[in-house]
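Q: Structure of the sequence below:
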Amino acid sequence: MIYRVGLTVVLILIFGEAAQPSQRKGTRIDTLTKIPHERYFEELFRRQPPEPLRSPILHPSGPQSTFPNIDVSRDTFPQNEPSIRISHKDPNRMVAAWRDFRTGVTPAVRRVGYSFSTDGGATWGPVGLLPLIYQGSGFTRNSDPAVCVDTGGNFYIATIALNNNNGDLKNIVYKSSGFGDFFDQAYFAPTDTADPFYDKEYIACDLNPSSPFVNNLYIVWSTSRFTRSTDGGVTWSHTVFTNGSSGFAPDLCVGPDGSVNVVALVGNGLWFDKSTDGGVSFLAHSVVADTVDNYAPHAGRGSFPSIAADMSGGPRNGYLYTVWTDTHGDADVFLGISRDGGSTWSKARRVNNDPIGNGIDQYWPWVAVDDRGVVSIAYYDTRNTPDAFHFEVYLAYSWDGGLTFTNRLMSTAQSPRNQPNGDVRFGDYIGLDSWGKHTVPVWTD
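A: This is a model prediction of the structure:
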């Protein structure tokens, strides 16, 4: 089966329940003047109305999903590692992005595809590929997309760009002035030449109108390097460490007070780092979990952590939720909760509800919290599959701040992990966002 980005739309209502670093100007890529339009957009938007799509349904023996699965990428070539964000200004508008291999599978040629919805995810517009940077720059591949949106409804996609001429890696941030319909601006964000390892960047925006840092953009990547923008991505700060060590696979979110919250795997533990000055400096770390074995053997690699903040304004406003996979025994999804801004963390709670120690793997969780404080966690699950090398997607949701969860099967198909080959496969993570009564997991199918 060819891998697609399958998207399931879920309405939660149906469930019932240091010194400041100097700013340096980013390099804007003036796309419309430097590059012929037909070269810049390899798939030009045709301004056609979106059409409803449904993924082919495979009926496994056992539980079956009742939720419609929507093929967002609508392409016969592989896609993986999706990301999605919902606009808080207009929750019916959302953007999904993913690694796209329609320009090459063997060898794998990574590009970033994206699409948008204006009706809460029920239908999706034409698929586009983010433009490459030509004219001798050599950045002919991009990868690892991460989507965010500001309070004005402007969407951003952070990517890793690879220069085939010299192997250089850079952050490139694409910005849409069309509310996600198209991406017409692009800026280089700084990396750190002293640290050649660069992977899995993620981006977040301060969405609290009362925050002193509202609309700041923040990017973090391995090895816990961090940069910020205070002008919509045009310029970016020099890089800083979020902690004094070298963290792997970091994720971040912004709290309702404007605090920047980062989790990363450090050694055998899961660390939390926090900035209260808009990303200028970071406080001493706390430990979410001191012993984590995150390697999911049947996934073929480690599982990354994810973090989200309650921005609802409700009784749990400001709570932080971190999820990860631990394989002490079989691989399970665990949740840590902080009720004091990350200073202390609860004992880890198991999220998946299959029998403990049954040899079944759950991995690659992603967490989101909606405007009512409902906590949702999407993850891959092998409980119903014929072997551990196939997977389905489950969604766990909690109305009581993560104390109890209901688990529901989302995907209508059981997918093999290594299609079409080991270089492309199903990526390293899935995506999830939840706001305005829309809870939208997006995964490789």
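Q: so what does the host helix or strand of Tyr114 touch, helix or strand wise?
A: Assessed by DSSP states H and E, Tyr114 sits inside strand 111-117. Applying 3 or more C-beta pairs under 8 Å, 6 or more residues apart in numbering; DSSP states H and E, we find strand 111-117 packed against strand 94-100, strand 128-129, strand 139-149, strand 155-163. C-beta: built from backbone N, CA, C; applies to glycine.
Q: Quick one: closest of those to Ile430.
A: Ranking these by proximity to Ile430 (C-beta to C-beta) places strand 94-100 first, at 10.2 Å.
Q: Next one: the most centrally placed residue in the chain relative to Phe213, how far apart?
A: Centroid-nearest residue in the chain: Ser83, 4.1 Å away (criterion: C-alpha atoms, centre = their mean). Taking C-beta to C-beta, to the nearest Å as the measure, Ser83 falls 22 Å from Phe213.
Q: same check, this time on Asp370
A: 22 Å.
Q: and what of Gly138?
A: Relative to Phe213, and taking C-beta to C-beta, Gly138 is found at 35 Å.
Q: Show me the strands in the stretch 101-250 of the chain, by range?
A: Along the stretch 101-250 of the chain, counting by DSSP state E, counting those that start in this stretch, strands occupy 111-117, 128-129, 139-149, 155-163, 169-175, 185-189, 199-205, 217-222, 225-229, 235-237, 240-241, 248-254.
Q: which stretches of the stretch 251-400 of the chain form strands?
A: 260-266, 269-275, 286-289, 295-296, 301-302, 306-309, 320-326, 332-338, 349-350, 362-369, 375-381, 390-398.
Q: and the fourth one, average pLDDT?
A: Strand 295-296 shows a mean pLDDT of 66 in the predicted model.
Q: tell me the angle of the strand holding Tyr114 relative to strand 139-149?
A: Relative orientation of strand 111-117 versus strand 139-149 (axes from the mean of the first three to the mean of the last three C-alpha atoms, to 10 degrees): 30 degrees.
Q: any idea how far strand 111-117 is from the chain center?
A: Relative to its parent chain, strand 111-117 has a centroid offset of 13 Å by C-alpha atoms, centre = their mean, to the nearest Å.
Q: can you tell me the distance between the two ends of stretch 156-175?
A: 5 Å (C-alpha to C-alpha, to the nearest Å).
Q: from the middle of its chain, how far away would it be?
A: The answer for stretch 156-175 is 17 Å, by C-alpha atoms, centre = their mean.
Q: Out of the strands of the stretch 251-400 of the chain, the one nearest Met94 is which?
A: Here strand 362-369 is closest among the strands of the stretch 251-400 of the chain (C-beta to C-beta), at 12.1 Å.
Q: In terms of secondary structure, what does the closest one contact?
A: strand 306-309, strand 320-326, strand 332-338, strand 375-381, strand 431-435.
Q: in its sheet, what does the third one sit against?
A: Counting by DSSP bridges, the strands paired with strand 332-338 are strand 320-326 (antiparallel), strand 349-350 (antiparallel).
Q: Point out the most buried one among those strands.
A: Across these, averaging neighbours per residue (mean count of other C-beta atoms under 10 Å) puts strand 320-326 on top, at a mean of 26.
Q: Next, the angle strand 375-381 makes with that one.
A: 10 degrees.
Q: How far away from the center of its chain is strand 320-326?
A: From the chain centre to the centre of strand 320-326 is a distance of 14 Å (C-alpha atoms, centre = their mean).
Q: again with stretch 200-212
A: Using C-alpha atoms, centre = their mean, the offset of stretch 200-212 from its chain centre is 14 Å.
Q: Flag every buried residue along it.
A: Residues Lys200, Glu201, Tyr202, Ile203, Ala204, Cys205, Asp206, Leu207, Asn208, Ser211 are the ones in stretch 200-212 that count as buried (16 or more other C-beta atoms under 10 Å).
Q: Please name the bridge partners of the fifth one.
A: With DSSP bridges applied, Ala204 shows beta-bridge pairing to Tyr218.
Q: who are the neighbours in contact with it?
A: Going by C-beta atoms under 8 Å, 6 or more residues apart in numbering, Ala204 touches Cys148, Leu217, Tyr218, Leu252, Cys253, Val254, Val260.
Q: Next: Gly113.
A: 5, 73, 75, 79, 97-100, 102, 127-130.
Q: sorry, back to before: can you redo the helices and strands packed on strand 362-369 as a markdown table with mean pLDDT and distance to Leu270?
A: As requested, those are arranged in a markdown table below (pLDDT from 0 to 100; distance: least, C-beta to C-beta, whole Å):
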| stretch | mean pLDDT | distance to Leu270 |
| --- | --- | --- |
| strand 306-309 | 98 | 10 |
| strand 320-326 | 96 | 6 |
| strand 332-338 | 97 | 8 |
| strand 375-381 | 96 | 16 |
| strand 431-435 | 97 | 19 |
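Q: can you tell me which of the ones you listed comes nearest to Asn268?
A: That would be strand 320-326 among the helices and strands packed on strand 362-369, by C-beta to C-beta, at 10.8 Å.
Q: That closest one relative to strand 260-266, how many degrees between them?
A: Going by the same axes, to 10 degrees, strand 320-326 makes 20 degrees with strand 260-266.
Q: right, and Asp144 touches Glu81 too?
A: Yes. Under the criterion of C-beta atoms under 8 Å, Asp144 makes contact with Glu81 at 6.4 Å.
Q: Now for these two: what residues contact both?
A: Common contact partners of Asp144 and Glu81 (C-beta under 8 Å, 6+ apart): Arg99.
Q: Could you dump the strands of the stretch 251-400 of the chain into TSV and include distance to Thr227?
A: Shown next, in TSV, are the strands of the stretch 251-400 of the chain (distance: least, C-beta to C-beta, whole Å):
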stretch	distance to Thr227
strand 260-266	11
strand 269-275	12
strand 286-289	23
strand 295-296	29
strand 301-302	24
strand 306-309	18
strand 320-326	22
strand 332-338	25
strand 349-350	33
strand 362-369	23
strand 375-381	28
strand 390-398	32
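Q: Can you get me a residue count around Ala122?
A: By other C-beta atoms under 10 Å, the residues close to Ala122 number 15.
Q: Specify which member of the buried residues of stretch 200-212 is nearest to Leu395.
A: Within the buried residues of stretch 200-212, the smallest distance to Leu395 is 20.7 Å, found for Tyr202 (C-beta to C-beta).
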